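Asks: build the 3D model from these lines:
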Amino acid sequence: MLVAAAVCPCPPLLVPEIAAGAAPELDAVREACADALDVLATARPDLLIVVGPAAHAGRGPHSEGATATFRGFGVDLGVRLGRGPGPVAAADRSLPPSLAVGAWLLAQARWKAAPVEGLGVGEPLETERCVATGRDLAARADRVALLVMGDGSACRTLKAPGYLDERAEAFDAAAARALGAADPAALIALDESLAHELMAAGRAPWQVLAGAAEGADLSGRLLYEDAPYGVGYMVAAWS
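Replies: The predicted structure is shown next:
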């Protein structure tokens, strides 16, 4: 059963070494993510599952101890998902970037509260399958927590990755309301076709969360909402 969830954005720029001189610009997001992870630890789960968008090679489950590096982003920094022996080394199947950022957040929080697993979700995954996947995750243990990684639209400004789309602000506002209210039905109602057009990579992970939260009767708090670099970033905590 789902007992808590934290929702965080997943840009590699959250890692200060990658952001370099621009790192202070995302300090508020990092602080909100840390607060959300505190909620997860307080819930004392039996299992934590990190869920995030992934390209084809990174889709599916990732076991505790799975690794990744940020060399592709110009930084020789490795991360590990949860606990594991020895130094971080390159693996045959690395964590996708969203889960790597999640692993980095957990490392900053010195996570030791429960075993950690990962799930990479394809951006095109249909809403019904997202919801069914969430239900399956919630049944994995008596007390399950989710760290849900994903960004809102990438079309909030002229300089955004997807250029300016007038529909983006309303889409992000609806997502933020649903996340802040811990409203599974409102998350399920997000339009997957519109989310794809707006490059909102968080849509599928959020709908996985919605499936996991059905019947859990959790309360939510929106800890951060803004669009630095023209991309919608939201942080929420459910408990």
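Asks: tell me who's in contact with the closest residue to A55 other than its chain neighbours.
Replies: Closest residue to A55 apart from its sequence neighbours, by C-beta to C-beta, 6 or more residues apart in numbering: P96 at 6.4 Å. From N, CA and C alone the C-beta is placed, and that goes for glycine too. Contacts for P96 (C-beta atoms under 8 Å, 6 or more residues apart in numbering) come out as G52, P53, A54, A55, A57, G58, R59, A68, G120.
Asks: how near is P96 to V121?
Replies: As for P96, its distance to V121 is 9 Å (criterion: C-beta to C-beta, to the nearest Å).
Asks: now the strands for this structure?
Replies: Under the criterion DSSP state E, the chain contains strands at 2-8, 47-54, 60-62, 67-69, 78-80, 116-122, 144-149, 220-226, 233-238.
Asks: residues in contact with the second one: which ones?
Replies: Strand 47-54 is contacted from outside by 10, 40, 81-82, 96, 98-99, 101-103, 106, 111, 113-123, 137, 140-141, 143-150, 201-202, 204-205, 208-209, using C-beta under 8 Å, 6+ apart.
Asks: could I have it exported to PDB, CA atoms only?
Replies: Taking C-alpha atoms only, strand 47-54 is exported to PDB below (Å, rounded to 0.1, in the frame of the first residue of the first chain):
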ATOM      1  CA  LEU A  47      10.200  -0.200   0.100                       C
ATOM      2  CA  LEU A  48      11.000   2.900  -1.900                       C
ATOM      3  CA  ILE A  49      10.500   2.900  -5.700                       C
ATOM      4  CA  VAL A  50      12.000   5.700  -7.800                       C
ATOM      5  CA  VAL A  51       9.800   6.200 -10.900                       C
ATOM      6  CA  GLY A  52      10.900   8.400 -13.800                       C
ATOM      7  CA  PRO A  53      10.700   8.900 -17.600                       C
ATOM      8  CA  ALA A  54      13.100   6.900 -19.700                       C
END
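Asks: still on that earlier bit, put the buried members of the contacts of strand 47-54 into a PyMOL selection.
Replies: Buried residues among these (16 or more other C-beta atoms under 10 Å), as a PyMOL selection:
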select buried, resi 10+40+81+82+96+98+99+101+102+103+106+111+113+114+116+117+118+119+120+121+122+123+137+141+144+145+146+147+148+149+150+201+202+204+205+208+209
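Asks: point out where this protein drops to low pLDDT.
Replies: Counting by pLDDT under 70, the chain shows low-confidence ranges at 84-93.
Asks: for the most centrally placed residue in the chain, which non-adjacent residue is closest in space?
Replies: Centroid-nearest residue in the chain, with C-alpha atoms, centre = their mean: M149, separated by 0.6 Å. Nearest residue to M149, sequence neighbours excluded (C-beta to C-beta, 6+ apart): G52, at 3.5 Å.
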